[in-house]
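*Asks:* kindly generate the corresponding structure for this input.
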Amino acid sequence: MEPRAARTRLELLQGTLDLLILQTLQWGPQHGYAIGHTIRAQSSEALQVETGSLYPALHRLQKQGWVKSDWQLTDAKQRAKFYRLTPAGKKQLLRERNKWEQLVVAIGGVLNPGPERG
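*Replies:* Predicted coordinates:
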């Protein structure tokens, strides 16, 4: 795969993961393990977010100001970093959802062209 194509693919994957994390955090603060578990459960086990992808994405979102974190105790009384959506993160989530919905419509148009397109 050529370098530009690899970069494009990675950006798409990162953007999708960012969207999934932001969406998950809109339901309230969660620690990293819970975020991964929620994505897996909400996707009927189809999406498995590996630790090596999840935490760099969380750090990237935090650096962009879309997520904040602080240390708290879990229900099991273990110390964990909890992530929460910021007001800027809520706005970004709306932007990302809109872009995603446009992409779905565009891809749907290619996969299922109407009689006037085909």
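*Asks:* need the contact partners of stretch 15-25.
*Replies:* Residues from elsewhere that reach stretch 15-25 (Cβ atoms under 8 Å, 6 or more residues apart in numbering): 30, 35, 38-39, 42, 47, 49, 53-54, 57-58, 60-61, 66-67, 83-85, 89, 92-93, 96-97, 100. From N, CA and C alone the C-beta is placed, and that goes for glycine too.
*Asks:* from the residues you listed, which land in strands?
*Replies:* Secondary structure from DSSP state E places 30, 67, 83, 84, 85 of the contacts of stretch 15-25 in strands.
*Asks:* name only those of the residues you listed that count as buried.
*Replies:* Neighbour counting over those (16 or more other Cβ atoms under 10 Å) leaves 30, 67, 83, 85 as the buried ones.
*Asks:* next up, the contacts around the third one.
*Replies:* Under the criterion of Cβ under 8 Å, 6+ apart, the contact list for residue 83 reads 21, 25, 29-32, 35, 58, 61-62, 67-69.
*Asks:* let's see that with 10 Å instead.
*Replies:* Going by Cβ atoms under 10 Å, 6 or more residues apart in numbering, residue 83 touches 21, 24-25, 29-32, 34-35, 58, 61-62, 66-70, 89.
*Asks:* now the second one
*Replies:* Contacts of residue 67 were listed using Cβ under 10 Å, 6+ apart, and they are 18, 21-22, 25, 29, 57-61, 83-86, 88-89, 92.
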